[in-house]
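the sequence and its predicted three-dimensional model are supplied below.
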Amino acid sequence: MSNVPQELRYTQSHEWVLAGDDGQVTVGITDHAQELLGDMVFIELPEMGAELDAGDECTVVESVKAASDVYAPVAGTVVAVNEKLVDAPELINEDPYGDGWMFRLQIADPSQLDSLLDASAYEVVESED
Amino acid sequence: MPFIPHTEEETRKMLDAIGVSNIDELFDEIPADLINERLDYVPPAMDEAGIRRLCKNSAQSDGHYVNFIGAGAYEHHIPAAVWQVATRGEFYSAYTPYQAEASQGTLQLLYEYQTMMASLTAMEVSNASLYEGASALAEAVLMSVRAQRKKHRILMPETINPAYRETTETIVKNQGITISNIDYSGDTGTIDLVQLNDQFTDDVAALVIPQPNYFGALEQVDELVDLAHKQGCLVIAVVNPLSLAILKAPGEWGENGADIVVGEGQPLGIPLSSGGPYFGFMCCTQKIVRQMPGRLIGRTLDAEGKQGFTLTLQAREQHIRRSKATSNICTNQGLMVTAATLYMSLMGPAGMAQAAKASHANTRLLVEKLTAIDGVEVVFNSPFFHECVLRIDTPMDDLVRAITAQGIIAGMPLGADYEGLQDCLLVCATELRTEEEMDDFALHLERIVSKE
Amino acid sequence: MTELIFEQSTAGRINNAQYQSGTFSIDDLPQALLRKTGPALPEVSEMQAVRHYTRLSQLNFAIDTHFYPLGSCTMKHNPRICNEAAMYDGFSGRHPLSPASTGQGVLSCLYDLQEILKDISGMSEVSLAPMAGAQGEFTGIAMIRAYHEARADDARQEILVPDAAHGTNPATAVMCGYTVKEIPTLDNGDVDIDALRAAVGPQTAGLMLTNPSTLGVFERQITEIAALVHEAGGLLYYDGANMNAILGKVKPGEMGFDVIHLNLHKTFSTPHGGGGPGAGPVGVSKRLVPFLPVPRIAESSGEYVLLDKNDCPQSIGRLSCFMGNTGILLRAWIYARMLGRDGMKRVADYATLNANYMKVKLEQGGFEMAYESRRATHEFILTLKKEKAETGVTAMDFAKRLLDKGYHAPTTYFPLLVPECFLIEPTESESLEELDGFIAAMEEIRRESVEQTDLVKSAPHSLPVRRLDDVRAARQLDVVWQEDAV
């Protein structure tokens, strides 16, 4: 059984979302996702300033056996990307919720967060996978 | 039964083990109305002696011609060891190296091939090959559009082999990519730089630069590369790999070199064989390696720290990425690449440079002899390498027919593809052409031209 | 460890037998366009080159040396006469742009192949131009697009693909400008026809299918599927990867397919060569004939000609510089002529016999089949999920241990639908002893996975290298040898 921190929100497509102050959210992929994909070898991060809608493909993570799209969980603008992952994609495997964070969005509408899954709802998604 | 080892007894034993009484029962899930064993055209079986006889007759009936034609495929010397080693069963009947530990031979060879091509083109990386030159150009176009995201226009000079251009159009046209034509200068037979300058709109992803071009003429590659880069475009170079033994490699063109290099690998030890199988090569900069289609072999370590080779970056490929793959390509021309790697190792840089120089010298000599004939002249005022365009004062169809009857393939008539070059012929002489053959050609050509 | 050829080079070493004698001037060429330093190619003697590559070849598994039951790849015997005859001087020395009059011999062989493929496939016309299965697929889907465009039926922008399909199928559809919709497969291996019924409509350009499917079973409802798609106005594309199962017994044209591709490197035994070259000829029904690629081989009053774009104005165009992989086509033709009419059917018969025998014996040996109630076609799937749950040994581990036992592993982890799977295709070339040997090896490994789990998990042990670190290969990309690299 993988790690599903209670304080985060989640999507059906295995992204986690940490709501920060000042309308920013941090996004990454879950422990379950990194386990399925295997050892990460590469990440293509979104461009700074990119304006995304909820559900947009904005990042690609690549392991030896799969290349997977990561989707914007809510609409927003990219204000930060985790450059460390470029040289050390293994951080996604080692610390998916911490050092493995991928990008930060400035979101206009915080109510969008309400439609995301909470930890127990995500655990259901995970078990059906 | 050719190639089927089962005796009747063995067949019986197997049917019993399965629990059926005859082989037809094994097909009982197929709706009966779909079973149709009638073949009206396929002839009865032939044994090996019979097929050998049939093939010898067919091959012999095509006779033997002296080739003074290039236009994308070239008759060069192929060392005897190339095909003897390449058709060893361990190379010939091996599959794609998906089980790397069981395919170290093929994988190491491909790694060496990649290294040789990268060096030849002076580029940072090479893939393990594509089908052939024209479709490799199409893949390069797709790659440059992927790398440049929002740009969907490609500048394609008229001095690119027309068949390459047509193939590219077939392959890219359903992806919203526009191929824009760049004229050539009637004087030099090279890209019209003045006209080119006006073509750089915001949506241009790449400029394609051939060297030598289809006419055998040498383009001003340094100026072209710098111009394209200044405009924010990528450069796709289309080159002859044997020529790179002596010509400046695309990685060194201009200030920053080409971005993607493709071409036809046939000159490297592959027989003419009526057009195939050949192989396409593709090299690129490290920066865009993830956009490159085709297979890639990487060096790594095994569980005991020993050096080994394996397919890498497979996540880009169709069998994993599916509808988001870089291409649908599933093959590399393994056997041809094996031959080419052997060729490059047996010839070495000195041997290849000598073959390239001899080809060039022979073409110059041929042109000298042919233009000594009244009514035959060089068309373009340009340095040429190993191929040259001649204008001949005789109806081209008659000329071709008459020369072919003498056992000579005279060259490639250009009229069908180039308006204004109706009476022109693209001739080529490789290092294999002798002076006697050239004199023979000149003799017959003179006779035909003076008759008209 | 085998040294790289570059590590055996000595500066200045020349292979004199291949070095053309004479001095040739290139002083007419502009200095600025010449190389300043030579390419860093190997400088070795002929002895060194021959020895090096011969040794490398000995590190490979190949059909010539090992049983190679790779599902969907049809690793059958490659008869040597095909190679010998395809390389006769008259064939190998002919320039592709020589006039057709100089190639009546080779063109007659190719035309014969075309007609043979028409006969076995039940299609109206065949083109030999595509150079691989994937290019054949591209050709087929591009022709479907051209067909709909010619009728101004622009709403059709979607291609349907079963979720079990090979990755080239959706990749090809996208290359042709289509969007892809996946159709689920039922537990019994058939396409979910209700889902298909719901998915077809005026937006459907076509459905891509293979039969037998990638699951190694025959798509029993094919007639109904064809009717559904055709009624909705779409066309049916046949991926011929599994033709070996039905050669001489069922014709794709009679199953309702509008366009097919064949893999000559599978069904017609052309060499796999370490990854290629292949050949992927396409066959079409009457309504797609105008769109076939050029050049096309045609016959007119006993003479063979090549048709070009002027002769075929609606053609989708050229796929390559010349006319395709002629040398490969010749090898396929030679094989087809040796099989002859009766030989074709026997291919399907014995490929199916061998597969069913293996399935039954492996099942009796305790292995779990993915579709145990179905007949195997020329291939079948088994799943090692039970073994994984009990011992932790995966399909990958099993595959590597098979290498130690002297067998090339079957296809692993494809199709994606079945966990921990092996897709096993023996082909008709293999003898009973070989099959029994493989079955015994599988049972042995199963025992080892319980009694000596680590041995299996760390396999292979007896090959030139141990298991390779492919994560490192991707993270520390080393694809070109550098002099000073470690």
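Perfect, thanks for sending it.

which residues of the stretch 351-486 of chain C score low on pLDDT?
C:484-486 (pLDDT under 70).

ok, which stretches of the chain are strands?
Going with chain A. Applying DSSP state E to chain A gives strands spanning A:9-10, A:15-19, A:24-29, A:40-44, A:51-52, A:57-63, A:67-71, A:76-81, A:103-106.

correction: the question concerned chain C.
C:125-127, C:158-162, C:179-183, C:204-209, C:235-240, C:259-262, C:282-284, C:296-300, C:303-307, C:368-369, C:380-383, C:411-412, C:421-424.

quick one, which of those is nearest to chain A?
Chain A lies closest, by CB to the nearest CB, to one member of the strands of chain C: strand C:411-412, at 11.1 Å. Quick note: C-beta positions are derived from backbone N, CA and C, even for glycine.

can you list the strands that that closest one pairs with?
Strand C:411-412 has the following strand partners under DSSP bridges: strand C:421-424 (antiparallel).

how far does the partner strand sit from the chain's center?
The chain centre lies 17 Å from the centre of strand C:421-424; the measure is CA atoms, centre = their mean, to the nearest Å.

now swap in stretch C:244-258 and tell me
Relative to its chain's centre, stretch C:244-258 lies at 18 Å (CA atoms, centre = their mean).

quick one: it near chain B?
Yes: using CB under 8 Å from any CB of the partner chain, stretch C:244-258 reaches chain B at C:246, C:248-251, C:254-255.

got the end-to-end distance for that stretch?
20 Å (CA to CA, to the nearest Å).

how far away is C:Leu329 from chain B?
8 Å (CB to the nearest CB, to the nearest Å).

who's in contact with that residue?
Residues near C:Leu329 by CB atoms under 8 Å, 6 or more residues apart in numbering or on different chains: C:110, C:113, C:128, C:264, C:279, C:281.

low-confidence stretches in chain B?
If you take pLDDT under 70 as the line, chain B has these spans: B:316-327, B:330-331, B:452.

need the longest strand for it.
From DSSP E, the single longest strand across chain B is strand B:204-211.

which is the next helix or strand following that strand?
Once strand B:204-211 ends, the next helix or strand along the chain (criterion: DSSP states H and E) is helix B:221-230.

convert that next one to PDB, retaining C-alpha atoms only.
In PDB, the C-alpha atoms belonging to helix B:221-230 read as follows (Å, rounded to 0.1, in the frame of the first residue of the first chain):
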ATOM      1  CA  VAL B 221      26.400  25.800 -46.800                       C
ATOM      2  CA  ASP B 222      28.100  28.100 -44.300                       C
ATOM      3  CA  GLU B 223      26.100  31.200 -45.400                       C
ATOM      4  CA  LEU B 224      22.900  29.100 -45.600                       C
ATOM      5  CA  VAL B 225      23.200  27.700 -42.100                       C
ATOM      6  CA  ASP B 226      24.000  31.100 -40.500                       C
ATOM      7  CA  LEU B 227      21.100  32.700 -42.300                       C
ATOM      8  CA  ALA B 228      18.700  30.100 -41.200                       C
ATOM      9  CA  HIS B 229      19.900  30.200 -37.600                       C
ATOM     10  CA  LYS B 230      19.700  33.900 -37.500                       C
END
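
what about C:Glu299, how many residues nearby?
Number of residues near C:Glu299 (other CB atoms under 10 Å in any protein chain shown) recorded here: 13.

so how far is C:Tyr335 from it?
To C:Tyr335, C:Glu299 is 22 Å away according to CB to CB, to the nearest Å.

C:Asn325: which of the strands of chain A is closest?
Within these, the stretch nearest C:Asn325 is strand A:67-71; the backing value is 30.2 Å (CB to CB).

which non-adjacent residue is nearest A:Val4?
A:Ala119 (5.0 Å; CB to CB, 6 or more residues apart in numbering or on different chains).

now the longest helix along chain C against strand C:296-300, angle please.
Counting by DSSP state H, the longest helix found in chain C is helix C:326-364. Calculated by axes from the mean of the first three to the mean of the last three CA atoms, to 10 degrees, helix C:326-364 forms an angle of 110 degrees with strand C:296-300.

tell me which of the strands of chain A lies nearest to chain B.
Chain B sits nearest to strand A:67-71 of all those, at 3.8 Å, using CB to the nearest CB.

could you see whether chain C lies near that closest one?
No: taking CB under 8 Å from any CB as the criterion, strand A:67-71 and chain C are apart, separated by no less than 10.8 Å.
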